[in-house]
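Novice: make a model of this:
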Amino acid sequence: MWPSTGAKSALGPSPGAPQHRGVIRALVGFAASLSLLAPAPSAPPPPARAASSPLTAYGWPLLPGPDRIVRDFDPPAQPWLAGNRGLDLAGRGGEAVHAANSGIVTFAGPVGGVGAVAVTFGALRTTYEPLTPTVRRGQQVRVGQLIGRLDTSVLHWGLLRGTDYLDPLALLGLERVRLLPLA
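Specialist: Alright, predicted model coming up:
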C-alpha cells in the first residue's frame, strides 16, 4: 500500500507528491502507447487464422533484417526540437526496401529532394526514406512487398499515429523500455 501523501518511505516521497506527477504521467502515457497496437477491449477476438494472415503480420523493411540499428528512436521533448523520429537501419545503396506492414501507399515521391514512401494501415502510418519508390500513391501493398530501392547506406524507418511519432520496433514486438529519472 502506498504511504499517505507527504509521508516518507524508503523510496522517498509518496507517488502523489508534486515532483513525481510528471513521471507518473510519462509512465501512464508509455503504458497507453504500448496498447495502441492491441485491439480495443470491446472488439471481438480475431479468428484463429488471423495470426498468420499477411494483413496482421509485420516485418523488417530490410530483409531478412537490417545489418544493425545505426540510430535508435529518440523522439524530441517538443515537436520543434531535434531528435530521431524513427529508426535508422544499416543497409546498402540499391538494396530492396519492403513494406513493414500491409496497407495503402498514401505518399510516394520526393520530400525536400529525398525520395520517401508512406504506408497507412488503420490509424498508423509507416514511413521510409531515402529511397527511390517503386510504388505509387493509392496502391495497396502487402507486408514484405517491394516498395523501393535504398538511395544510401541507411534507411530511416518511421511509425506515426496521427502526428505522434512512435518506435517502429513496437510493430515487431521489440520496443525498448526506457526508465525516466525521478527528479
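
Novice: tell me the phi and psi of the closest residue in space to residue 62 that isn't next to it in sequence?
Specialist: Once flanking residues are discounted, residue 62 sits nearest to residue 91: 5.0 Å by C-beta to C-beta, 6 or more residues apart in numbering. For every residue, glycine as well, the C-beta is placed using N, CA and C. As for residue 91, its main-chain torsions (degrees, to the nearest 10) stand at phi -150, psi -160.

Novice: list the buried residues of the host helix or strand of residue 126.
Specialist: Assessed by DSSP states H and E, residue 126 sits inside strand 124-129. For strand 124-129, the neighbour count (16 or more other C-beta atoms under 10 Å) marks 124, 125, 126, 127, 128, 129 as buried.

Novice: the second one against residue 119, yeah?
Specialist: This means residue 125. Yes. Under the criterion of C-beta atoms under 8 Å, residue 125 makes contact with residue 119 at 6.9 Å.

Novice: now do the shared contacts for the two.
Specialist: Counting by C-beta atoms under 8 Å, 6 or more residues apart in numbering, the contacts common to residue 125 and residue 119 are residue 106.

Novice: what about this protein, any weak spots by pLDDT?
Specialist: 1-56, 175-180, 183 (pLDDT under 70).

Novice: would you map the helices across it?
Specialist: If you assign secondary structure with DSSP state H, the helices in the chain sit at 18-34.

Novice: show me how the record splits it into domains.
Specialist: 1-45, 57-172 (automatic domain parsing).

Novice: start to end distance for the last one?
Specialist: As for domain 57-172, its first-to-last residue distance stands at 9 Å under the measure C-alpha to C-alpha, to the nearest Å.

Novice: quick one on the thing from earlier: pairing partners for the strand holding residue 126, with directions?
Specialist: strand 114-121 (antiparallel), strand 154-161 (antiparallel) (DSSP bridges).

Novice: neighbouring contacts of it?
Specialist: Residues from elsewhere that reach strand 124-129, judged by C-beta under 8 Å, 6+ apart: 36-37, 61, 86, 97, 99-101, 103, 106, 111, 114-119, 147-148, 155-161, 166, 168, 171.

Novice: pull the CA atoms of it into PDB?
Specialist: The C-alpha atoms that make up strand 124-129 are tabulated as PDB, following Å, rounded to 0.1, in the frame of the first residue of the first chain:
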ATOM      1  CA  LEU A 124      -1.000   4.000 -38.100                       C
ATOM      2  CA  ARG A 125       1.500   5.000 -40.800                       C
ATOM      3  CA  THR A 126       5.000   3.800 -41.600                       C
ATOM      4  CA  THR A 127       7.500   5.900 -43.500                       C
ATOM      5  CA  TYR A 128      10.600   5.000 -45.400                       C
ATOM      6  CA  GLU A 129      13.400   7.300 -46.700                       C
END
